[in-house]
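Enquirer: Model the structure of this input:
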Amino acid sequence: MLSRFQSLVRDYFGLSHREVRGFLVLLLLIVFCLLIPFAYRFLVTSEPADTSLTDQRKLDSLVALMKTEEAKQPAFGAREQEKTTTERFSEPKLFAFDPNTASVADWQQLGLPRWMAERIEKYRNKGGTFRRKEDLLKIYDFPAELYDQLEPYITLKSASPADYGNAHTGRRPAFDRDEERVANRPAYTERYVKPALQPFDINTADTAQLIALKGIGVTLASRIVKYRDALGGFYSTEQFREVYGLDSLALGELTKFGKIQTAARKVAINTASAEELDRFPFLSRRQAQTIVSYREQHGAYTSADALKPIRLLDAKTIEKLTPYISF
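Expert: Presented below is the predicted three-dimensional model:
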């Protein structure tokens, strides 16, 4: 009977003989641990402690003293402990504001702590811009519940480049002054016209082509290339959303100009090693090893449906893996 049970466990979970023995030992230990409380209650009988009348009076006095001390505590302290993290930041005073121009003091009045307001200020000083209301949530640690309160009061205006100049000094940005100098040149001087961007193959593009797009800098360009190479190439523009850090502007630019003209690289699932499968971002090391182990025990895979019996792979993971494997 034990051998039959071992066979059932091995076939169901895809385990080796040694792993099945370890599973049985672990199962026995779990059962033993679960039975300990029942055995303890059965074998050990506890008698209630005999509390004398004097001890009972002392306990009553202590309880009365504790209640008196609790009554003296201010209600404000208890109320502060019950507040959520967002409420402890400060009581917000809501008013219409533009996140691209709001000062540190404005953010504090809206309910943000000073360190969060300074983080937003630092983000804007480095060239960051909020183009949609949802972009505010890209600020690290920005409380989602506070955003729900502020969202109706966010007003984003279609600003010219001069509006996003140095709001602190009141001076126009350098590029605005450069444009003025160009406009004042003699009429015979031809003004430089930046060449229009052309669509390119996203699966062969380098970082220079990606940096030319609006909203994509050196860091994002390197991250896109690294993610693409780990996948073996994009097979759908919907995969662009999986790249961490792309805001609405960058995503729109990448979808507009990044075309899939080269097919993604595929891996032979029936000969691939666990290391080759582990390079996919959506597969863990354990999942990759399980795919190889299941293949060695049950034979070669014939289609993507053959992966469904593997319990570590859900339907979404199999769907992501299918375009990158061949049989």
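Enquirer: Report the residue spans of the stretch 151-300 of the chain with pLDDT below the cut-off.
Expert: In the prediction, the stretch 151-300 of the chain carries residues with pLDDT under 70 at positions 158-195.
Enquirer: all helices of it, in order?
Expert: Applying DSSP state H, counting those that start in this stretch to the stretch 151-300 of the chain gives helices spanning 174-183, 207-211, 218-231, 248-257, 274-278, 285-298.
Enquirer: Nearest residue to the middle of this protein?
Expert: Central residue of the chain (C-alpha atoms, centre = their mean): residue 244, 7.9 Å from the mean position.
Enquirer: Map the structural domains onto the sequence of the protein.
Expert: 2-35, 88-164, 200-259, 267-326 (automatic domain parsing).
Enquirer: how much distance is there from the shortest one to the middle of the chain?
Expert: Taking the mean of its C-alpha atoms, domain 2-35 sits 36 Å from the chain's own mean (C-alpha atoms, centre = their mean, to the nearest Å).
Enquirer: Can you list the buried residues in it?
Expert: 6, 9, 10, 14, 15, 20 (16 or more other C-beta atoms under 10 Å). (C-beta placed from N, C-alpha, C; glycine too.)
Enquirer: and what of stretch 272-290?
Expert: 272, 274, 277, 278, 280, 283, 287, 288, 289, 290.
Enquirer: Give me the phi and psi for residue 147.
Expert: phi -60, psi -40 (degrees, to the nearest 10).
Enquirer: does residue 307 really touch residue 313, like I thought?
Expert: Yes. The pair residue 307 / residue 313 is scored as a contact, 5.7 Å apart, by C-beta atoms under 8 Å.
Enquirer: who touches both of the two?
Expert: 291, 321 (C-beta atoms under 8 Å, 6 or more residues apart in numbering).
Enquirer: And residue 299, how far from residue 274?
Expert: 17 Å (C-beta to C-beta, to the nearest Å).
Enquirer: just residue 317 next, same as before
Expert: Counting by C-beta to C-beta - residue 317 and residue 274 are separated by 16 Å.
Enquirer: on that earlier part again, for residue 128, state which of the buried residues of stretch 272-290 is nearest.
Expert: residue 280 (31.7 Å; C-beta to C-beta).
Enquirer: tell me the contacts of the closest one?
Expert: Contacts of residue 280 by C-beta under 8 Å, 6+ apart are 230, 231, 232, 288, 320, 321, 324.
Enquirer: before we move on, the earlier item: any idea which of the domains of the chain is most buried?
Expert: domain 200-259 (a mean of 16; mean count of other C-beta atoms under 10 Å).
Enquirer: Run the chain-centre distance for it.
Expert: 18 Å.
Enquirer: what's the average pLDDT for the longest helix belonging to the chain?
Expert: In the chain, with assignment by DSSP state H, the single longest helix is helix 17-43. For helix 17-43, mean pLDDT rounds to 85.
Enquirer: Taking their axis directions, it and helix 285-298 sit at what angle?
Expert: 110 degrees (axes from the mean of the first three to the mean of the last three C-alpha atoms, to 10 degrees).
Enquirer: Which strands and helices lie in contact with helix 17-43?
Expert: helix 2-13 (3 or more C-beta pairs under 8 Å, 6 or more residues apart in numbering; DSSP states H and E).
Enquirer: what packs against the helix it packs on?
Expert: Right, helix 2-13 is packed against helix 17-43 by 3+ C-beta pairs under 8 Å, 6+ apart.
Enquirer: okay, the angle between the helix it packs on and helix 2-13?
Expert: Using the same axes, to 10 degrees: helix 17-43 against helix 2-13 is 110 degrees.
Enquirer: Distance from helix 17-43 to the middle of the chain?
Expert: 38 Å.
Enquirer: Which helix or strand lies directly C-terminal to it?
Expert: Per DSSP states H and E, the first helix or strand lying C-terminal to helix 17-43 is helix 53-72.
Enquirer: which SSE is residue 106 in?
Expert: For residue 106, the host element (DSSP H and E) is helix 104-109.
Enquirer: Report all helices and strands that that helix contacts.
Expert: helix 114-125.
Enquirer: Mind listing residues that contact the helix it packs on?
Expert: Contacts for helix 114-125 (C-beta under 8 Å, 6+ apart): 89, 99-100, 102-105, 107-108, 112, 139-142.
Enquirer: Residue 206: which of these is nearest?
Expert: residue 140 (29.1 Å).
Enquirer: Quick one: residues contacting that closest one.
Expert: If you count contacts by C-beta under 8 Å, 6+ apart, then residue 140 has residue 119 around it.
Enquirer: rerun at 10 Å
Expert: 116, 119, 123 (C-beta atoms under 10 Å, 6 or more residues apart in numbering).
Enquirer: Residue 3 now?
Expert: By C-beta under 10 Å, 6+ apart, residue 3 has no neighbours at all.
Enquirer: Noted, bye for now.
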